[in-house]
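> quick check, what structure comes out for this input:
(one chain, ligands or ions: 1)
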Amino acid sequence: MVFYLKYHSHDIEKLHQLIGEFFNNVYKKNITVFDTSLLPTWYLTTPNRMVSMEGELTKFLNFPETVKNEIIEAFLVCEDVEALFSCEQATYVHQPVALDFRKLKDDGTVDNSIERYLISLFVDTLYEGQLGKKDSTFSKKIGSNIGSHYLGLKNESSFYDEDFNLCPFCGIEPLKLLESEGRPDYDHLLPKGDSLYIFSAINIKNLIPMGDHCNSKKSSKNLLFTDVNRTVKTIAFYPYSLSPNPFELYNIELSCTDTPKFSNSWKGNWNIDIKPNDPLDTITLAKISSWDRVFNIKARYCEYIQDHLKSIINKILKTIDSSINDLLNEVKTKLQYRLDNFYKYEYLFVSTEEGLIPTRNLILWFLSNDNFLMSYLEQKKKIQANDIDMSMLEL
Ligand SMILES: [Zn+2]
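From the prediction side, this is the model:
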């Protein structure tokens, strides 16, 4: 995780609150008939009705009392998403998932009717059918949608009139709002698929903008457990935390295992280590470990360096008169200038300057490796000489 976002309160929270209020109104009361008075006032005073949701809530009231209470209690346990991110194995209280409602019947067969109901209510009806849709009935009732939440989130986190435009999990890919669909690249921190965290499916504190690449990396992995069976609990950066931004807590160590040169297409081979600034800070260390395990961040930064090395240095060379005597010194002066002005280790820069972390570390490496710079400049001179020869041949 590179930087945090400021949590943005918004009317789209009302869907999660609606379910909370409904559950609260029916908890431990033997209510079996659905009535809209069980829902918040705003639902009744705005036009249209969410028919599918009302149908699902009607089904809920027909469940046996024990099942209803079990579902409501599970929903309540799952309310605090943030606390889960800082809770270690020793203090972890089981977070109910849809799978927990799959029961083994006396005859040995499996009854997954409640599990399927929960997926239908939270994922299909409420998330896919309402919250995640630009023009859903819910959007019309509140006069807003998830796209508006994204714009508000950007506004909330803006700094000197600049708002973040990069994925906060990697800082090397852009975030986009698909205007035509009115929905941003949001991801469920606690996954709603595979019969897992359906109780947090419409909880906005579980939804976060995430770039495509990070999203696909994360799809099969769990930030909070090191194993697929979810037995070993770990901690992770929580994106709406009010703590200091992650990039302020760690430092990156870039080392070169094979110097960039002609024979490796000037890509080189790299190794990255990410360590807490304070060697005793085991909490940040564990969070860095989760970050890398899920998003493969160290390897992706190394690849970023390989892919951008030439363009970073070539852009500098374009601004320099190649007939200057002390070319090496001139290149180093320009590199230092970029470091001081465009690749600062500050929120404004890490959230807007694509690839700042790997680029910054690469520039630092350039500045301490004169031999590499000289061999690269030498190579460039040869290329330029060849260009002249070629043009003369053409004449
Ligand atoms: Zn990303």
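
> any regions of the stretch 1-150 of the chain where pLDDT drops low?
Within the stretch 1-150 of the chain, no range satisfies pLDDT under 70.

> may I have the phi/psi pair for the closest residue to residue 317 other than its chain neighbours?
In space, and not counting its chain neighbours, residue 317 is closest to residue 380: 6.4 Å by C-beta to C-beta, 6 or more residues apart in numbering. To be clear about C-beta, it is placed using only N, CA and C from the backbone, and glycine gets the same treatment. Phi and psi for residue 380, reported as degrees, to the nearest 10, are phi -60, psi -40.

> my read: residue 380 touches residue 316, true?
No. Counting by C-beta atoms under 8 Å, residue 380 sits too far from residue 316 to count as a contact (11.1 Å).

> residue contacts, the nearest residue to residue 289 once chain neighbours are set aside?
Nearest residue to residue 289 in three dimensions, chain neighbours excluded: residue 234, at 7.4 Å (C-beta to C-beta, 6+ apart). Residues near residue 234 by C-beta atoms under 8 Å, 6 or more residues apart in numbering: 88, 89, 224, 225, 226, 286, 289, 290.

> ok, back up a step: and the pLDDT for the residue nearest to residue 317?
pLDDT recorded at residue 380 is 80.

> please apply the same query to residue 161.
On the pLDDT scale, residue 161 is placed at 73.

> just give me the neighbour total for it.
Look at residue 161: counted by other C-beta atoms under 10 Å, it has 6 neighbours.

> look up how far the ion lies from it.
Residue 161 sits 24 Å away from the ion, going by C-beta to the ion, to the nearest Å.

> check contacts around that residue.
Per C-beta under 8 Å, 6+ apart, neighbours of residue 161: none.

> likewise for residue 149?
Residue 149 sits in contact with 8, 10, 12, 204, where contact means C-beta under 8 Å, 6+ apart.

> hmm, the second one is touching residue 142, no?
Translated: residue 10. No. Here residue 10 does not reach residue 142: they are 9.1 Å apart, not a contact under C-beta under 8 Å.

> next, the residue of the stretch 251-395 of the chain found nearest the ion: phi, psi?
The nearest approach of the stretch 251-395 of the chain to the ion comes at residue 295, 6.9 Å away (C-beta to the ion). Torsion angles at residue 295 (phi, psi; degrees, to the nearest 10) stand at phi -100, psi 0.

> so who does residue 376 touch?
Residue 376 touches 260, 266, 313, counting by C-beta under 8 Å, 6+ apart.

> which of these ranks first by neighbour count?
Counting by other C-beta under 10 Å, top hit in the contacts of residue 376: residue 260 with 25 neighbours.

> can you tell me the closest non-neighbouring residue to it?
Using C-beta to C-beta, 6+ apart, the nearest residue to residue 260 is residue 268, at 3.4 Å.

> all strands of the protein, in order?
103-104, 110-111, 177-178, 183-184, 186-188, 207-209, 250-258, 269-276 (DSSP state E).

> and these as CSV, adding distance to residue 168 and mean neighbour count?
Below are those laid out as CSV (distance: least, C-beta to C-beta, whole Å; neighbours: other C-beta atoms under 10 Å):
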stretch, distance to residue 168, mean neighbour count
strand 103-104, 39, 11
strand 110-111, 40, 12
strand 177-178, 15, 14
strand 183-184, 13, 20
strand 186-188, 11, 21
strand 207-209, 7, 24
strand 250-258, 15, 14
strand 269-276, 16, 17
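
> possible to save these as TSV with distance to residue 71?
Converted to TSV, these look like this (distance: least, C-beta to C-beta, whole Å):
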stretch	distance to residue 71
strand 103-104	13
strand 110-111	15
strand 177-178	34
strand 183-184	28
strand 186-188	19
strand 207-209	22
strand 250-258	41
strand 269-276	41
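
> just to revisit the earlier point, among the contacts of residue 149, which pair sits farthest apart?
Maximum pairwise distance among the contacts of residue 149 (C-beta to C-beta): 9.8 Å, between 8 and 12.

> neighbour count winner among the two?
When neighbours are counted by other C-beta under 10 Å, residue 8 and residue 12 differ, and residue 12 comes out ahead with 23 against 18.

> what distance do you get for the spatially closest residue to that one that is not a sequence neighbour to the ion?
Once flanking residues are discounted, residue 12 sits nearest to residue 149: 5.1 Å by C-beta to C-beta, 6+ apart. Distance, residue 149 to the ion, using C-beta to the ion: 19 Å.

> and residue 380 and residue 316? which has more neighbours close in?
More crowded of residue 380 and residue 316, by other C-beta under 10 Å: residue 316, with 19 against 15.

> what does this structure have sitting close to the ion?
Selection of the chain residues close to the ion by C-beta under 5 Å from the ion yields 167, 169, 170, 173, 211, 214.

> tell me the one of these nearest residue 110?
residue 214 (34.8 Å).

> just to check, the closest one is in contact with residue 166?
No. Counting by C-beta under 8 Å, residue 166 is not a contact partner of residue 214; they are 10.6 Å apart.

> what touches both of these two?
With C-beta under 8 Å, 6+ apart, residue 214 and residue 166 have common neighbours residue 173.

> who touches the residue nearest in space to the middle of the chain in this structure?
By C-alpha atoms, centre = their mean, the chain has its centre lying nearest to residue 210, at 3.8 Å. Residues in contact with residue 210 (C-beta under 8 Å, 6+ apart) are 167, 168, 169, 175, 185, 186, 187, 218.

> could you redo the last one with a cut-off of 10 Å?
167-170, 173, 175, 184-189, 216-218, 239, 295 (C-beta atoms under 10 Å, 6 or more residues apart in numbering).

> do the same with residue 65
Applying C-beta under 10 Å, 6+ apart, we find residue 65 in contact with 28, 29, 30, 31, 32.

> about what we covered before: so among the contacts of residue 210, which ones count as buried?
Buried members of the contacts of residue 210, counted by 16 or more other C-beta atoms under 10 Å: 167-170, 173, 175, 184-189, 217-218, 239, 295.
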